[in-house]
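>>> following is a predicted model, sequence given first.
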Amino acid sequence: MSKQSSSTAENGRQKDAPKVAGRKRKKTQLEPRLCQPAAAGCDIGAREIFVAVPPDRDENPVRKSGTFTWELNAMAEWMVSCGIKTVAMESTGVYWIPVYDVFEKHGLHVQLVNPRNMKNVPGKRTDFHECQWIQYLHSMGLLAGAFRPDADVRAVRTLMRHRADLVEMASQHVQHLHKALTQRNVQFQHVISDITGLTGLAILDAIIAGERDPAVLAKLRDPHVKASEETIRQSLEGNWCPAQILVLTQRLSLYRGYQKQIEECDKSIENLLNTFTPMTDPAQKPMPADRKQKQRKRKKKTGDPNFNLREEAYKLFGVDLTQIPGLMTLVFPLFSEVGRDMSRWPSSAHFVSWLGLCPDNDISGGKVLWRGNRRVKNRAGTLFRLAAHSLHRDTTPMGAYLRRMKAKLGPSAATTATAHKIAVIFYTMLKNQVEYNATLWAERDLLREKRIEANLHKQAARRGYKLVPLGEAA
């Protein structure tokens with residue numbers, strides 16, 4: 001075959017190569033990972049751990065240790081004596097946390113990795129071989145470490161997660177109060193909006209104290225309750241039982257106990273937040289105008305913090321993140337999960353990828369085999385999804401975007417797409433220290449309208465028609 005025919009055949013193969021559908025994306029080259037000779041691997045267990053170092057560092061490169069503090073300190077000192085600089089370990093339950101802290105105190109760079117990314121070869125799934133496999137992968141630079149915030153942020157995260165558990169357990173006792181009242185055919189929990197409000201607690205306390213007359217109980221109604229006194233009186237007619245009174249007494253006592261613990265937790269969180277250096281001073285740089293002032297004033301809900309959320313968030317972040325639609329009460333949970341240092345992620349694309357809010361695909365031979373969201377469990381990503389889910393009836397452009405995406409993609413994909421957009425705005429505001437600008441939505445809507453109009457003209461031209469505006473047609 002001649003050179004000319006060979007080049008022609010090669011060009012033909014290039015032309016016939018299948019093309020991947022979708023927008024053209026810029027191909028990025030994978031960053032080369034450098035080998036780390038001073039690397040160790042650690043296999044975590046509840047009662048013992050196995051650590052492997054390079055074979056040339058010690059006569060016995062694999063050692064087993066217990067999980068007592070003095071044993072972990074001895075293991076860390078042994079690794080330091082072997083010249084180890086970094087160690088990788090699996091994220092096994094919560095057993096890795098004390099090991100991580102001890103190794104970090106001895107100056108070791110600890111890398112927490114996902115067990116899914118380092119499957120061992122068949123037949124060697126023992127702890128002794130597992131730590132050697134982790135050490136080998138880590139020394140070759142094949143393991144990517146997980147994100148872990150700083151110690152002060154982790155302290156806030158611990159209390160925030162504990163507070164969420166307290167709120168959940170308190171809500172369970174409220175449900176049991178509803179159940180006990182329903183069993184006695186007392187229906188006032190369906191008449192008032194919140195059984196733990198002023199009216200509900202006053203009536204429950206009176207019932208526990210021995211009052212059974214519905215007319216007397218109905219007079220405890222707060223004037224702001226929409227239901228009339230007669231409606232409440234009728235709903236309080238039931239069949240009382242001493243056993244159910246005991247259930248109401250104990251459930252109400254447990255609920256109030258959890259409420260007291262939540263208040264104590266709020267004070268501890270507020271004290272921890274005050275230890276952070278403010279990124280701005282509201283006295284020198286006043287907060288921007290609240291875009292929600294024209295809307296109906298938001299009522300305090302059960303589980304909300306007992307301090308000025310917007311002002312504290314402004315001092316902590318330097319920008320008013322509460323102006324992002326859906327993030328009013330989620331700024332502090334997000335702070336406890338991701339912190340406020342966005343330099344950990346090079347760009348917003350890296351940030352949303354870590355959150356699990358961007359699509360992934362599997363391409364082989366130029367053909368898309370699979371496309372969808374990565375199956376990751378990220379608490380921060382769940383918070384952004386929660387923020388997006390709350391915007392279904394929101395009148396902001398973000399709410400309109402969610403409803404438009406629901407009609408186009410369906411509820412699940414629309415929630416993810418909206419959460420992706422909220423996360424990008426969160427990252428941009430925090431990293432660039434810029435305030436939320438709702439006027440940019442008008443520019444985006446104008447561009448979208450132009451795209452829609454251009455598509456309509458193209459469709460009409462394919463069918464032999466020409467669209468003419470109403471003014472020009474006249």
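Yep, it's here.

>>> list the buried residues of stretch 347-362.
Residues 348, 351-358 are the ones in stretch 347-362 that count as buried (16 or more other CB atoms under 10 Å). No exception for glycine: its C-beta is placed from N, CA and C like everyone else's.

>>> run through who's touching that stretch.
Stretch 347-362 has contacts (CB atoms under 8 Å, 6 or more residues apart in numbering) with 147, 342, 345, 368-374, 376-378, 380-381, 384-385, 416, 419-420, 423-424, 427-428.

>>> same question, stretch 83-98
36, 38-46, 51, 53, 57, 67, 69, 72, 79, 99-100, 103, 108-115, 118, 134-135, 137-138, 143, 145-146.

>>> start to end distance for it?
22 Å (CA to CA, to the nearest Å).

>>> buried ones in that stretch?
Quick answer for stretch 83-98 (16+ other CB under 10 Å): 84, 86-91, 95-96.

>>> among those residues, which one lies nearest to Ala442?
Ser91 (44.7 Å; CB to CB).

>>> quick check: phi and psi at the closest one.
For Ser91, the backbone dihedrals are phi -90, psi 80 (criterion: degrees, to the nearest 10).

>>> how about the one 3 residues further on?
For Val94, the backbone dihedrals (degrees, to the nearest 10) come out as phi -110, psi 10.

>>> before we move on, what's the pLDDT of it?
Looking at Val94, its pLDDT stands at 89.

>>> go through the buried residues of stretch 347-362 and flag which are in helices.
348, 351-355 (DSSP state H).

>>> quick one: the helices in the stretch 1-150 of the chain?
With DSSP state H, counting those that start in this stretch as the definition, the stretch 1-150 of the chain shows helices at residue ranges 3-16, 69-81, 96-105, 127-139.

>>> closest one to Pro282 among these?
helix 96-105 (35.5 Å).

>>> show me what counts as buried in that closest one.
So for helix 96-105, counting by 16+ other CB under 10 Å, buried means 96, 99-100, 102-103.

>>> where does pLDDT dip in the protein?
With pLDDT under 70 as the threshold, the chain has low-confidence stretches at 1-34, 120-124, 291-307, 472-474.

>>> 50 instead, please
1-24, 294-296 (pLDDT under 50).

>>> quick one, what contacts Leu198?
Asp222.

>>> and it, how far from Thr428?
42 Å (CB to CB, to the nearest Å).

>>> again with Pro214
Counting by CB to CB, the gap from Pro214 to Thr428 is 57 Å.

>>> what do you get for Val247?
52 Å.

>>> what is the nearest of the buried residues of helix 96-105 to His176?
Trp96 (36.4 Å).

>>> for the spatially most central residue of the chain, which non-adjacent residue is closest in space?
Central residue of the chain (CA atoms, centre = their mean): Ala380, 1.8 Å from the mean position. In this structure, Ala380 finds its nearest non-sequential neighbour in Glu337, 4.1 Å apart by CB to CB, 6 or more residues apart in numbering.

>>> for the helix or strand hosting that neighbour, C-alpha coordinates in PDB please.
Element membership for Glu337, per DSSP states H and E: helix 331-338. This file holds the C-alpha atoms of helix 331-338, laid out as PDB (Å, rounded to 0.1, in the frame of the first residue of the first chain):
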ATOM      1  CA  VAL A 331     -25.200  28.300  56.700                       C
ATOM      2  CA  PHE A 332     -24.000  27.000  60.100                       C
ATOM      3  CA  PRO A 333     -24.400  23.300  59.200                       C
ATOM      4  CA  LEU A 334     -22.600  24.000  56.000                       C
ATOM      5  CA  PHE A 335     -19.800  25.800  57.900                       C
ATOM      6  CA  SER A 336     -19.400  22.800  60.200                       C
ATOM      7  CA  GLU A 337     -19.100  20.500  57.100                       C
ATOM      8  CA  VAL A 338     -16.900  22.500  54.700                       C
END
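
>>> for it, name the packing helices and strands.
helix 151-183, helix 309-317, helix 379-389 (3 or more CB pairs under 8 Å, 6 or more residues apart in numbering; DSSP states H and E).

>>> all set, thanks.
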